[in-house]
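Asker: Need a 3D model of the following:
(3 chains)
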Amino acid sequence: MTLLSIRDLALDLPAGADRPRAVDGVSFDIAPNEIVCLVGESGSGKSMTAHAILGLLPPKVRPGGGELMFEGRDLLKVSEAEMRALRGAGISMIFQEPLTALNPLKRVGEQVAEAILTHDPKARDAKARAVALFADVGLPDPASAVRAFPFQLSGGQRQRVMIAMALANNPRLLIADEPTTALDVTTQRQILDLIKKLQAERGMGVLFITHDIGVVADIADRVVVLRYGRVVEQGPAAAVLHTPAEEYTRHLLAAVPGRGAPAHAEGRGEVLLEVAGLMKTFVTKQGFFAPERRVIAAGGLDFRLRRGDTLAVVGESGSGKSTLARMVLRLIEADDGAIRYKGEDVRLMRGEALRQFRRRAQIVFQDPYASLDPRLKVGESIVRGPMAFGTSRAEASATAKRWLERVGLGAGAFDRYPHEFSGGQRQRVCIARALALDPELLIADEAVSALDVSVQAQVLDLLAELKAEFGLSMMFITHDLRVAREIADRIIVMKKGLIVEQSGAAELFDAPKAEYTAELLAAVPGRDFFDARAAV
Amino acid sequence: MLQIRRIGVRLAGLAATILVIATINFILVHSAPGDPASVMAGQSGATDEKFLAEVRAEYGLDQPYIVQLGTYLGKVVQFDLGYSFRQRRDVADLIMERLWPTLLLTLTSFTLALAGGIFLGALAGRRAGRWSDTLISMGALLLYATPVFWLGLMLVLVFSIQLGWLPAFGYASIRADSFTTWHYITDVASHLVLPAVSLAAIYMAVYTRLMRSSIIEVSHEDHVKTARAKGLTEGRILRRHMLRNASLPVITFAGLQAGAMIGGAVVVETVFAWPGLGRLTYDAVLQRDYPVLLGLFLVMSVLVILVNLLTDLIYRMIDPRLAAR
Amino acid sequence: MNDTLKTFLTRKTGVIGLVLLALVVALAVLAPVLYPASPWEITGVPFAAPGEYGMLLGSDTLGRDIASGIAHGARVSLLIGVASTLAALCIGVVLGCLAGYFGGWVDMLVMRFTEIFQTIPNFVLAILLVAILNPSLWTIILAIGIVSWPPLARLTRAQVMTISTREFISAARCQGQSTASIVLRHVLPNAISPIIVTGSLTIATAILIEAALSFMGLGDPNNMSWGFMVGAGRTVIRQAWWMSVFPGLAILITVVAINLVGEALNDALNPRISRS
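Answerer: Numbers count the residues shown, from 1 in each chain, chains lettered A, B, ... in the order given. This next block holds a predicted model:
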């Protein structure tokens, strides 16, 4: 018996889009009591498919054929009123970004009660039911939580509110569109566990959209792999993950970072960078006399980076890892402590000395869309560096072209604008820009976080090659332990501005010393699956 | 505690603004061509030497600038805004008796403009691209480009002269003293219609344009999609999840525009002979009665700050994120 | 730039605005040719209705040609609009850049100052300035410039701040580029387009302020202006509507034209917004 049956679904994109159809010929089923994962990279059409079920497509996208049978009715043909009666009742949905998905001006309890009252206007107990739902989704102190506004809750709590709202009318089908992507890894683990538990308790069908095959391994009963709007492969989770039939699925699995053995080699070279007692507190003031808010980004950090090593700094949001990277480059000034580069204190450098230091230490940022000047040709962005150090334009252009070639874009990229490139390609441009200055130290600040897994794997490979080829030392800031495992020799784990653990990569993964590290390791999605696969 | 602190901050801001404005006045008086005393006395032609000497003594005009500034600020703090030689009255008294009509006019227009702008803007934003939107947007564009005084004159031309529906000028009829209370109120109200509409129209156009784009922006927000996914009707989504959110930037902007609106009131009162601060300004301009102008500038600035406080209050009632701070 | 022009020309309203504006500019430029006599000169019968005695738009209470006044008034309106906006841009952009790029106490000081200036009823300050300094072309330009800069300063500051925190600016700093080079080559080019748009709309506001000032009798007594004409005609509006209607229409058309051009410019310069 099936709950939802999608047959040959086609969704037409407006004229002028990069392809005529967002989704074409997609077919799959969801049974009443199972979790189906729809997995794919960006542009695969997974989110569009989910939105089509509830008739929530963007204005210019139209269904172009096929059917969406839910409990015997074709959702593409029902009237708007019938569809409304289903939304939030028979079928409900949760979204990626729980902060923006809630109305910032209304109490969360009110928003949940509204979901109940919309479908049962006479429900006198809506408020009480909201409190009960808050208890079900594990919100602390439900009776007072209903009176909170969204901004007073954490990201994980907001997503719990969204889940409570979705469950308010006991839906038969729950659609979850990347519900954990915006969350920290430990919170992601809790939300995944919660969804799985609630699904089992209530016997719902769940359509779970994700880009992360680790998440799929954790919760899916069945898997549908999507690429460019078409189904590549589908079947029971165990079968698809363990014995993928299609090349693309194998490729996706292989691209997940951090499955190999962590590095054992570390620490032979001289100390290149030494950070001692580094302190930074951010003080924000709302106004002249308003009370100030203090956030400790660095509460006395000590560590060393040896020449030729890759040091990964791992932490969740708010851990201070990005601030650390910026302090090392003096993009943010530290409050106290020392940053010694080859024995010289970077914090005391002025003018020319600072410029010369920055030439030796380059950075690649997270957001490939914000880190290139949109008004300059990428070649121009690259040559400005060497030219600032007196290289002639001709020579700098030659260097730039050589590096564009080396990072795999070809010299032809020199005369093109950033918007002509994809995210992964832009990140390659940024790497070329950094390396054109011939640095010794490369700092990568979440440099692969915004990329799809397969692109991420390519960029990580490129960085590893370059490191070997030019003897670079790297400081790699990431929230993802899997990425750290892939490339790091040594790892620092940070939490709320403090280093909770630092050790060699192999040591950290085999025998984590800090409880928090263990927690992070346990939260890595798909850990059991990949461990089991590696063991075979 | 937080509330007290906030009020304290506001009062400090108010005091700072008054001081800055008084200082601007002072600088203006001294940068004017001619003797500061004659500026203070409000004379341009024939001068009364005895009075000039009095003014010099009162403001210590033979003292160093900084002492003069101190004397002037001291007077301002005591609400001593000087003496109008032309009108032979204290400037403060002159201003106070004209305050009420201006408050009536501006507050009516402000409410009208804000309510109308939010309503029309929401309507246009929800129907973006359709004919009703085009109509509202074009209307707003035209109104926005219309000089206030000219709009007032055109309304007079149509509604008073051609149709004879409403009085063209003044605050009340000449025989208003003999009216019953109710009759008096309706009489003033009928006099208020044209000036209030002229003043409101331009700002309504501004708020309509702002609200339209704000509604369109909010309609792309995720929480609206959530509301839709809950099964709410479009009407309910607009009322419960979009109107309030989209009004916030409009209210902020309206607060910022309060100063401009008082400026508009000056022109409107001139056109309609509305006996408020604006009309007083016009008369003072014609007579080059500088003490009155300087005093008006100060008092109107304070009014603007008070309107700012009001919009701030409204904003806090709507946005819980600020109320909690 | 070519793309910008192309986008601009696809906006119907922008093209209409541009045509209207071109007409007003042509009128201003050709005024001495079309009406060689001074607009203050009495050339006909007083109270001539439009079309009578060879006067297209009629005459005023003294017999001066309204059409001639409108043509010559265009020069004054456009000149004051543009010049005072340039003055406001000079003050606003410099203060905004300082506040935005340096932040900290510089920012706080500049912003407090700007806030106070924004609170002040700007038209009343303009009246005061012109009245005390005596009305002339230059005092009017100065006064309008002084009351128009705060929004430009705020906008510039906000723009510079957002751009400065973008990662490509950090990247440029890491590349060893000098502060001057970063501000001139990276920050300003990326920050400038909304400032251009707001600047163009400021011209429209400036023209409206000038009209209101001369309506209040604070225009330059040597130059004919539209606001003055409306003000002079308003007392006789019962008998002679044309004296106030036509100059007012001239203001309306000019301001609408500038607004249309400004909006189309906005769409052309900020393609991200126009796409949605």
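
Asker: list the buried ones in the helix-or-strand element of chain A with minimal mean pLDDT?
Answerer: Lowest by mean pLDDT, DSSP states H and E among the helices and strands of chain A is helix A:527-535, with a mean of 77. Neighbour counts using 16 or more other CB atoms under 10 Å in any protein chain shown place A:R527, A:F529, A:F530 of helix A:527-535 among the buried residues. Where C-beta positions appear, they are placed from N, C-alpha and C, glycine not excepted.

Asker: One more: stretch A:419-432?
Answerer: Neighbour counts over stretch A:419-432 (16+ other CB under 10 Å) mark A:F421, A:G423, A:G424, A:Q425, A:R426, A:Q427, A:R428, A:V429, A:C430, A:I431, A:A432 as buried.

Asker: Is chain C within reach of that stretch?
Answerer: Yes. Legend: contact between stretch A:419-432 and chain C by CB under 8 Å from any CB of the partner chain is shown at A:C430.

Asker: Need the contact partners of that stretch.
Answerer: The contact list for stretch A:419-432, computed with CB atoms under 8 Å, 6 or more residues apart in numbering or on different chains, reads A:364-365, A:368-369, A:371-372, A:374, A:378, A:381-382, A:400, A:403-404, A:406-409, A:413, A:418, A:447-448, A:450-452, A:455, A:458-459, A:462-463, A:466, C:171.

Asker: can you give me how far that stretch is from the chain middle?
Answerer: 18 Å (CA atoms, centre = their mean, to the nearest Å).

Asker: same question, stretch B:270-278
Answerer: In terms of CA atoms, centre = their mean, the centre of stretch B:270-278 is found 13 Å from the chain centre.

Asker: CA atoms only for it, dumped as CSV, please.
Answerer: Provided in CSV are the C-alpha atoms of stretch B:270-278 (Å, rounded to 0.1, in the frame of the first residue of the first chain):
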residue,chain,number,x,y,z
THR,B,270,0.4,79.2,4.1
VAL,B,271,-1.9,78.0,1.3
PHE,B,272,-5.0,77.5,3.5
ALA,B,273,-4.4,80.4,5.9
TRP,B,274,-4.4,77.8,8.7
PRO,B,275,-3.6,79.7,11.9
GLY,B,276,-0.7,77.4,13.1
LEU,B,277,3.0,77.6,13.3
GLY,B,278,3.4,77.3,9.6
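
Asker: In that stretch, which residues are buried?
Answerer: Residues of stretch B:270-278 classed as buried by neighbour count (16+ other CB under 10 Å): B:T270, B:V271, B:F272, B:W274, B:P275, B:G276, B:L277, B:G278.

Asker: Stretch C:14-22 too?
Answerer: Within stretch C:14-22, the residues scored as buried using 16+ other CB under 10 Å are C:G14, C:G17, C:L18, C:L20, C:L21.

Asker: how about it as PDB, C-alpha atoms only?
Answerer: In PDB, the C-alpha atoms belonging to stretch C:14-22 read as follows (Å, rounded to 0.1, in the frame of the first residue of the first chain):
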ATOM      1  CA  GLY C  14      12.600  55.100 -17.900                       C
ATOM      2  CA  VAL C  15      12.500  56.100 -21.500                       C
ATOM      3  CA  ILE C  16       9.400  58.200 -21.000                       C
ATOM      4  CA  GLY C  17      11.100  59.900 -18.100                       C
ATOM      5  CA  LEU C  18      14.200  60.500 -20.200                       C
ATOM      6  CA  VAL C  19      12.200  62.000 -23.100                       C
ATOM      7  CA  LEU C  20      10.300  64.300 -20.700                       C
ATOM      8  CA  LEU C  21      13.500  65.300 -19.000                       C
ATOM      9  CA  ALA C  22      15.100  66.000 -22.400                       C
END
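
Asker: Is there any residue in it that contacts chain B?
Answerer: No. Figure legend: stretch C:14-22 not in contact with chain B (CB under 8 Å from any CB); closest approach 10.0 Å.

Asker: just to confirm, which helix or strand has the residue nearest to B:A145 when sequence neighbours are not counted in it?
Answerer: Leaving aside its chain neighbours, B:A145 sits nearest to C:V255 (3.7 Å; criterion: CB to CB, 6 or more residues apart in numbering or on different chains). Per DSSP states H and E, C:V255 falls inside helix C:242-269.
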